[in-house]
Every structure is written in structure tokens, then in C-alpha cells.
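>>> Fold the following for me, if possible:
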Amino acid sequence: MDVSTVLQSPFAPVTFVVAPALLTNASSVLAMSTVNRMIRAHDRMHGFFAKSEAGELSDFFLAQVDRVEKQAALLLRALHSIYVALAAFACATLVTLLGAGLLSFVGVAGIRFFAGLGIALGFVGVGGLVIGCLNLFRATYLSVFNIRDEAGAIRLRQRNRPARIESANRRPAQAPLRACLC
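So this is what the prediction gives:
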């Protein structure tokens, strides 16, 4: 690789920085959404704890408690992986900036070193994102499983509701509104 071809355009070194910077931004957004999901799992567990303190926690909810606990563990693993990805992409951005800044001083061997280090950090970052997303997928599956359980319990309750309660909740038909052309 000839150093002069890279230096022909002042924007050439910037192109090496753009990809890791965009991936850093994407990792940050994913980390924020994962933290929000972790907070929601915490709130859900806190609600289960309040029900258990009041003596309202049934076997049905105990199964959900187990799933929410597993979900929180998966979210934590995902967050660890996403943080590793975020650090790797930030380091890759720094390495490529350093390489671009030292381009005229380090020569071909230096360029290859910085490029190789940047690519290696990029692979670490992508690996962290993949592992984080797999854990997020598994955590989402547990959420859907809890939603299906709750939906099934609601449907069962609706089917077993006494008819008198349903008739008391029905509103009488209202007379249609007449248009006033005043």
C-alpha cells in the first residue's frame, strides 16, 4: 500500500473513522434500550414482590417470577456484551484516527498495524453485538411467554365469569344523536 494514494484526498482518512463511529452510535442506542428493558424487568419483579408481601402471589405468578428473573440475567449478559462492543468500536475509532494522524510518519508497516488493530477491534465489537442481540432475543422470548400466560389467564377468567356480572356491566343502548341544523 502506497502512503501517497491514501493522502491524495483529505477525506480518505475520515472514511476509515466513519464505520466504527457509526457502530459506536448504534451500540450506544442498543445499550440505552437494554437498560430500559432492565428497568422494566426490575419494576415487574418489584410488583411481584409487593404481591408476595400482600399474600396475593399464586403459583401462576411464581412461574412468571422465575421467567422475569431469567430475563433480567439475560438482559445483564446482553448489556455486558453491548458494553464490550461499545468499547471495541470506540477503540477502533481512536485507533483509526491515530493511524490517519500518523500516516505520514509511520510508513507502510505502521499503516498495516493500525489497520489490522482497527479491524480486530471491529470484529470484537461485532461479536459483542451479536452475542448481545442473541441474549436480547432470548429475553424477549421470555417476555412473550409471560404475555401469553397472562392472556390465557385473562381469557379463562372471562369464560368463567358469572353471567350476572356481564349483564350488569352492559350499558343500555343509547338513542342515536340527532343532527341539529340550527
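>>> Let me know the pLDDT of the residue sitting nearest the centre point of the chain.
Nearest residue to the geometric centre of the chain (CA atoms, centre = their mean): residue 34, 3.8 Å. Looking at residue 34, its pLDDT stands at 93.
>>> right, and it touches residue 75 too?
Yes - using CB atoms under 8 Å, residue 34 is in contact with residue 75, at 6.0 Å. (C-beta placed from N, C-alpha, C; glycine too.)
>>> Spit out the residues that contact the two alike.
The contact sets of residue 34 and residue 75 overlap at residue 136 (CB atoms under 8 Å, 6 or more residues apart in numbering).
>>> Now do the phi/psi pair for residue 161.
phi -70, psi 140 (degrees, to the nearest 10).
>>> That one and residue 72: what is the separation?
Using CB to CB, to the nearest Å, one obtains 34 Å as the distance from residue 161 to residue 72.
>>> higher neighbour count, these two?
For residue 161 versus residue 72, the count of surrounding residues by other CB atoms under 10 Å is larger for residue 72: 19 against 11.
>>> That one: what secondary structure?
Secondary structure, DSSP: H, G, I helix; E, B strand; the rest coil: residue 72 is helix.
>>> Might you report the residue contacts of it?
Contacts for residue 72 (CB under 8 Å, 6+ apart) come out as 38, 41-42, 45.
>>> Now with 7 Å, please.
The contact partners of residue 72, taken as CB atoms under 7 Å, 6 or more residues apart in numbering, are 38, 41.
>>> Could you report the separation of it from residue 159?
Counting by CB to CB, the gap from residue 72 to residue 159 is 33 Å.
>>> how about stretch 34-42: buried residues?
For stretch 34-42, the neighbour count (16 or more other CB atoms under 10 Å) marks 34, 37-38, 41 as buried.
>>> got the residue ranges for the helices in this structure?
Applying DSSP state H to the chain gives helices spanning 3-7, 12-53, 59-101, 103-160, 163-169.
>>> relative to helix 12-53, how tilted is the third one?
Put simply, helix 59-101 runs at 160 degrees to helix 12-53, going by axes from the mean of the first three to the mean of the last three CA atoms, to 10 degrees.
>>> how big is the angle separating helix 59-101 from helix 103-160?
Using the same axes, to 10 degrees, helix 59-101 lies at 170 degrees relative to helix 103-160.
>>> same question for helix 59-101, mean pLDDT?
90.
>>> Figure out how far that helix is from the centre of its chain.
Here helix 59-101 is found 8 Å from its chain centre; the criterion is CA atoms, centre = their mean, to the nearest Å.
>>> Residue 21 versus residue 100, what's the distance?
Taking CB to CB, one finds residue 100 at 12 Å from residue 21.
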